[in-house]
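>>> Following is a predicted model, sequence given first.
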Amino acid sequence: MIGDNEILNKAVALINQQSTMTLATYSKKGVWAAPVYYAFYKGLFFFFSVPETRHITEAIERDQASATIYSFSNTWQGISGIQMSGYVRHVSPSLTGIQAVKAYIKKFPFTMDFFENDQAPDLESFGKRFRVKLYRFDPTLVFYLENQIKFGFRTEIKFNKL
């Protein structure tokens, strides 16, 4: 059988290979799902979003959200992904915020194309340029699933081992 460390490594590899996380929220209006580009840093998922969007307002108001990340597959054997529940928080300017922006730019170098050569792509410049803020999804429960291991295989993982 596959060990916990190997599962964690597979999960982190999948997270680092993918670019989009679907963030799901709910309110009296019903349920909602929104794709966001993310950077995975220190067990958290950092993303930029407009503060007034439905997924941000509902996640903050309800203090809970769920998220999925999965790889594309044409067969049932190829299905693999991450299912999570947790919460969303605004990231204020801090060392963590700076490091998260660096991780985001490293993962998505095309973001540099939106800035002038002499403009530093920091939290303030992202906010001014795109009317966005930096948020983080903090997972409290995480499952890794992979049908190639076994049909319906799903196991809980913990990122605090990173």
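Received, thanks. If you're wondering where the values come from, they're calculated on a predicted model, not measured in any experiment. Numbers count the residues shown, from 1 in each chain.

>>> in this protein, which spans are helices?
Remark: helices assigned in the chain by DSSP state H are 4-17, 54-62, 95-107, 123-130.

>>> Show the average pLDDT along stretch 68-86.
For stretch 68-86, mean pLDDT is 95.

>>> Go through it and flag the buried ones.
Buried residues in stretch 68-86, defined by neighbour count with 16 or more other Cβ atoms under 10 Å: 68, 69, 70, 79, 80, 81, 82, 83, 84, 86. For the C-beta atoms, the positions are set from N, CA and C on the backbone; glycine is no exception.

>>> The nearest residue to the first one once chain neighbours are set aside: what's it in contact with?
With sequence-adjacent residues excluded and distances taken as Cβ to Cβ, 6 or more residues apart in numbering, residue 68 is closest to residue 22, at 5.0 Å. Remark: with contacts taken as Cβ atoms under 8 Å, 6 or more residues apart in numbering, residue 22 is in contact with 33, 34, 35, 36, 67, 68, 69.

>>> Beta-bridge partners for residue 22, please?
Counting by DSSP bridges, residue 22 is bridged to residue 35, residue 68.

>>> And the pLDDT at it?
pLDDT, residue 22: 98.

>>> Residue 4 versus that one, what's the distance?
Using Cβ to Cβ, to the nearest Å, residue 22 is found at 26 Å from residue 4.

>>> Ok, residue 81 next?
In this view, residue 81 and residue 4 are 18 Å apart by Cβ to Cβ.

>>> Can you say which of the helices of the chain is nearest to residue 28?
Among these, the nearest to residue 28 by Cβ to Cβ is helix 54-62 (9.7 Å).

>>> Format the buried residues of stretch 68-86 as CSV; extra columns: distance to residue 52.
Shown next, in CSV, are these (distance: Cβ to Cβ, whole Å):
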residue, distance to residue 52
68, 24
69, 25
70, 28
79, 34
80, 34
81, 29
82, 27
83, 27
84, 24
86, 22
